[in-house]
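J.: Predicted coordinates and the sequence they were generated for:
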Amino acid sequence: MTDSNENSFRDLLEVFDNPNPERNFTIEHICPEFTSVCPKTGQPDYGKIIFTYIPDQVCVELKSLKMYLQAFRNEGIFYEAATNRIMDDFLAVVKPRRARVDSEWTPRGGLRSNIAVEYPEP
């Protein structure tokens, strides 16, 4: 995975002006069909990604968020790295007041994993 690939994923995210920047309100976006690839086995990983955030000046545009998440489909990446990279990209583009990204992974080999990242850190 190269920096140029990471940046090209980030470049897929688009924003629009927050219609009420003077107010704190919470937005939640749920992607129940996230797919990436296990870097050890090459097998597909399936998960649900949940974005919960309080926007500042802009909100994420949903089609661009969908295209961004679909870019991971063939990416060999561990759960923890995927969740943190998604948060890093989201923060860089959307610049929310507060954000949380949860990833809930489909069980494989008798194990199920959930990863959560918060900004600002608690």
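T.: Looks like it came in fine.
J.: contacts, neighbours, all on C-alpha from now
T.: Noted.
J.: The residue most central in space within the chain sits in which helix or strand?
T.: Residue closest to the mean C-alpha point of the chain, counted by Cα atoms, centre = their mean, is Ile86 at 3.6 Å. Following DSSP states H and E, one finds Ile86 within helix 79-94.
J.: The helix or strand following that helix: how far from the chain's middle?
T.: Scanning forward in sequence from helix 79-94 by DSSP H and E, the next helix or strand is strand 98-105. Counting by Cα atoms, centre = their mean, to the nearest Å, strand 98-105 is centred 7 Å from the centre of its parent chain.
J.: which stretches of this protein form helices?
T.: Remark: helices assigned in the chain by DSSP state H are 3-10, 62-70, 79-94.
J.: Which one of the ones you listed lies nearest to Gly47?
T.: For Gly47, the closest of those is helix 79-94, at 9.1 Å, according to Cα to Cα.
J.: Thr106 and Asp45 touch, don't they?
T.: Yes - Thr106 is in contact with Asp45 according to Cα atoms under 8 Å; the separation is 7.4 Å.
J.: Nearest to Asn20 among the helices of the chain would be which one?
T.: helix 79-94 (14.9 Å).
J.: Buried residues in the closest one, which are they?
T.: Buried residues in helix 79-94, defined by neighbour count with 16 or more other Cα atoms under 10 Å: 79, 82-84, 86-87, 89-90, 93-94.
J.: So what touches that helix?
T.: The contact list for helix 79-94 (Cα atoms under 8 Å, 6 or more residues apart in numbering) reads 10, 13-15, 55, 58-60, 100-103, 105, 115-117.
J.: Thr106 and Asp45: who's more crowded?
T.: Asp45 (21 against 14; other Cα atoms under 10 Å).
J.: average pLDDT across the helix holding Ile86?
T.: For helix 79-94, mean pLDDT is 98.
J.: And that helix, how far out from the chain middle?
T.: For helix 79-94 - counting by Cα atoms, centre = their mean - the centre lies 5 Å from the chain centre.
J.: got it, and stretch 21-34?
T.: 11 Å.
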